[in-house]
Each structure stands twice: as structure tokens, then as C-alpha cells.
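> Show me how the following folds:
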Amino acid sequence: MKETIASPIQLPEPRFSEADFDFDKQPVVMLDDEECLFLEGDVGDRYCYLILQGALDVRLIDADGHETWLYRLGEGELVGEMALFDDGRRSATVIAVGPTRLLRIGLEAMRQAMRRPDFLLRLASHFFARYTHSHDVIRRLSPPKVSARIVRYLLCLPEWNDARDGRVRVRIPSQAALACLLGCQRESVTRAFRELRERGATPRPDADGALLLERERLESFLAGV
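As a prediction, this is how the structure comes out:
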């Protein structure tokens, strides 16, 4: 199986415990190492799980078997909680990391816990933290900005082979042609070049339509993206 691994993100410190649901006996689920709790696309069955011991990896697996590791959940974290609030399908695949013990929590048990203000505050904090980390994962896995793609293209031009002082004068394709090369819209290339000029990475083209590039400025731009 092919695998793309985003650096594992350790979510916030444990916020929940078995005591939060001690008003009603909840079933315990045991998973072996690499055992799947549920698959992306499974019907949400109105249950979520609290990790009592062990850890879970949250992954995306596409139709071609390409796997993306999103983050790891530890003890005291909830997983699959959205299934309690809608009838949608599971949004990711969740797999045990080592022997893992879980508390299965149904809708009624969650409703009872939510009657306590302190629990509601922790649950709100939990959702906010999950949103923040999910946004970070999306940012990490998203294709680079068009401006960064342009800079990488410029740094790979063959003219650099003859550069003596880290500077090179080049003629680049039209913005329409460059958009085709980079797989984006022409308007995106226009905006990207405006950003590069404003940040001092590239100058305006001269009368001949050429750019005088400095490697140090280009690399400095990439470092700050």
C-alpha cells in the first residue's frame, strides 16, 4: 500500500475520562494492534469512543489504496463523535496503535453528560482544538501556493548552470503558458507574480520581457512560505 505520511500531530492533553459517563455502564471495546475501529465511508452508527488506554491513528485511504496519515489520538480523547450529531458516514479510517481499550458511548450517554456545564465547556474546547488541528493538516497536505510553485520553477531553469554571482537574466514563458505548465489559472499566475514583486523576490520584467533573478531572494521567499 502506498502511503503519504503527514507528520503525526499529537492532539491536546486528555480532556475526558470514564468518570464523565459513570452514571450508566458503557460497553468497553478492545482492539489489537493495527485492528480497525471503523473505515472511512462506514455508516455512522450513533456511537463515539473514548480512548481509555492505547492510541488510535486517523487516516484517509482513497480508492487506489493511497493512504494519508492525519494524526494520532491518545488516552482521554474522543473519536467518531460527529456520528452522534448527524447521520453521515465516517469521514476517516481509524486504526489501533498497539493494544487499545475504548469506551463506547451512545447518544443518550452523551446527552446526559452534556447536561453538566463543565463537560460542555470541555466538549466545546475539544471541537475547537479538533477543528484547529484539522485545518493544520489540510494546510500541510495542500498543494503549495502558486507563487511558491513559480519560484521552484525559476530555480530549476537551466540558465543557473552558467550563473557566476547568484544572479541570472532569463526570459520566461507567457503567463498563459506558465499557467499550463503549473496546472493553474492564468489569473493565479498574475496574482502570484504580483506577490513575488511586492515581497522583493522578483523584479518587473525589463523592456525585453526578461527577469533579472537573484537566487538568494528566491530561496528566501521559499523559506518564508
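
> pLDDT weak spots in the chain?
1-14, 63-64, 139-143, 225 (pLDDT under 70).

> redo that, cut-off 50
1, 11-12 (pLDDT under 50).

> Mind naming the longest helix for it?
helix 117-141 (DSSP state H).

> centre of the chain versus it, how much separation?
Here helix 117-141 shows a centroid-to-chain-centroid distance of 13 Å under the convention Cα atoms, centre = their mean, to the nearest Å.

> Pull out the buried residues from the helix or strand that comes right after that helix.
Toward the C-terminus, helix 117-141 is succeeded by helix 146-155 as the next helix or strand (DSSP states H and E). The neighbour-count check on helix 146-155 (16 or more other Cβ atoms under 10 Å) flags Val146, Ser147, Ala148, Arg149, Ile150, Val151, Leu154 as buried. The way it works is simple: take the backbone N, C-alpha and C, and place the C-beta from them, glycine included.

> and which of the residues you listed is nearest to Phe119?
Phe119 lies nearest to Ala148 out of the buried residues of helix 146-155, by Cβ to Cβ, at 43.3 Å.

> So that closest one is in contact with Leu222, correct?
Yes. Contact criterion Cβ atoms under 8 Å: Ala148 and Leu222 qualify, at 6.2 Å.

> now the helices for this protein?
107-113, 117-141, 146-155, 175-182, 186-198, 215-224.

> Export those helices as a markdown table, with columns for distance to Arg169.
Below are the helices of the chain laid out as a markdown table (distance: least, Cβ to Cβ, whole Å):
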| stretch | distance to Arg169 |
| --- | --- |
| helix 107-113 | 65 |
| helix 117-141 | 35 |
| helix 146-155 | 12 |
| helix 175-182 | 17 |
| helix 186-198 | 16 |
| helix 215-224 | 13 |
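
> Appreciated, that's everything.
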